[in-house]
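Asker: Can you look at this prediction? I've put the sequence above it.
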Amino acid sequence: MPSNTDMFGDDDYPAYTMGRAAEITGASQDFLRRLDEAKLIAPTRSAGGHRRYSKYQLRLAARAREMVEQGTALEAACRIIILEDQLEEALRQNAEYKRQQEAGA
């Protein structure tokens, strides 16, 4: 089992309560619930049923808040962020594939 310091260093570890997540992102708790409803982020639930957020999810939430504050509709902001995230992952996979090809050549 990883130590607590390892877990909190993990971008995907659900370390933050909804209140703390709202504080960190500068968003309201209602906004975070709406991001869950819009399927941008799906927070983990604690044994008591409370939402828990990861650093990665907080970055997405902060990006969504910024876009909405600039006038982008919430649904559009969520879709844009999802597409940006998919593109970043595809580029990462492509770079890894190229490294593997070069190493095998």
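Answerer: Right, received. Where do you want to start?
Asker: Which stretches in this protein count as strands?
Answerer: Ranges of strands within the chain are 16-17, 44-45, 51-53, based on DSSP state E.
Asker: Can you say which of those is nearest to Leu60?
Answerer: strand 51-53 (9.6 Å; C-beta to C-beta). The C-beta positions use only the backbone N, C-alpha and C, and glycine is treated the same way.
Asker: average pLDDT for the closest one?
Answerer: Average pLDDT, strand 51-53: 95.
Asker: circling back: please identify the most buried of the strands of the chain.
Answerer: Compared across the strands of the chain, strand 51-53 shows the largest average neighbour count, a mean of 21 (mean count of other C-beta atoms under 10 Å).
Asker: helices or strands next to that strand in the packing?
Answerer: Judged by 3 or more C-beta pairs under 8 Å, 6 or more residues apart in numbering; DSSP states H and E, strand 51-53 is in contact with strand 16-17, helix 18-25, helix 29-37, strand 44-45.
Asker: Please identify the most buried of those.
Answerer: Taking mean count of other C-beta under 10 Å, strand 16-17 is the most buried of the helices and strands packed on strand 51-53, at a mean of 18.
Asker: And for stretch 90-102, what's in contact with it?
Answerer: For stretch 90-102, contacts defined as C-beta atoms under 8 Å, 6 or more residues apart in numbering pick out no residues.
Asker: chain center to that stretch, what's the gap?
Answerer: 23 Å (C-alpha atoms, centre = their mean, to the nearest Å).
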